[in-house]
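> Need coordinates for the following:
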Amino acid sequence: MVNQGLLERKQHRGTLVRQSKIAQQFTHVIQSYNQEIAANGRCSRTDVLGLYTQLATPEVQQALHLPDDAQVYRLVRLRFADDEPSFW
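Predicted coordinates:
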């Protein structure tokens, strides 16, 4: 378990459970859609198909801690890479 990084041996203290560290390199790889498409040498485009207000679904109400009668915005868009619809 020491080799797996789960335990750590310390002189005069014994073997301790290692605290897990949050790997933060993920923040460097999160990119916007446009950045990701450009990184692949392609041109991006976004068409807005609709922007609506609607009553929040029970799932959205729960996730956002909204009251039962809450109105939310719904954005429907179609993304393109080199003028082809993208399914990323």
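
> OK, contacts around Val60?
Residues in contact with Val60 (CB atoms under 8 Å, 6 or more residues apart in numbering) are Leu66, Val72. C-beta: built from backbone N, CA, C; applies to glycine.

> before we move on, which element is it in?
Take DSSP states H and E as the rule and Val60 turns out to sit in helix 58-64.

> For the chain, which segments count as strands?
Residue ranges of the strands in the chain, as given by DSSP state E, are 7-10, 14-17, 44-55, 71-81, 84-85.

> Tell me the helices and strands packed up against the first one.
Meaning strand 7-10. Secondary-structure packing of strand 7-10 (3 or more CB pairs under 8 Å, 6 or more residues apart in numbering; DSSP states H and E): strand 14-17.

> end to end, how far does stretch 53-68 reach?
With CA to CA, to the nearest Å as the measure, the first residue of stretch 53-68 is 15 Å from its last.

> Need the outlier residue of this protein, farthest from its centre.
For the chain, the C-alpha farthest from the mean C-alpha position belongs to His12; by CA atoms, centre = their mean, that distance is 43.0 Å.

> per-residue pLDDT, that residue?
Reported pLDDT at His12 in the predicted model: 75.

> cool, Cys43 as well?
The pLDDT attached to Cys43 in the predicted structure is 93.

> Name the residues that touch stretch 39-46?
31, 33-34, 37-38, 77-83, 86.

> ok, back up a step: what comes up buried for the helix holding Val60?
Along helix 58-64, these residues count as buried under the neighbour rule (16 or more other CB atoms under 10 Å): Gln61.

> Identify the bridge partners of Gly14.
Taking DSSP bridges, one finds Lys10 as the beta-bridge partners of Gly14.
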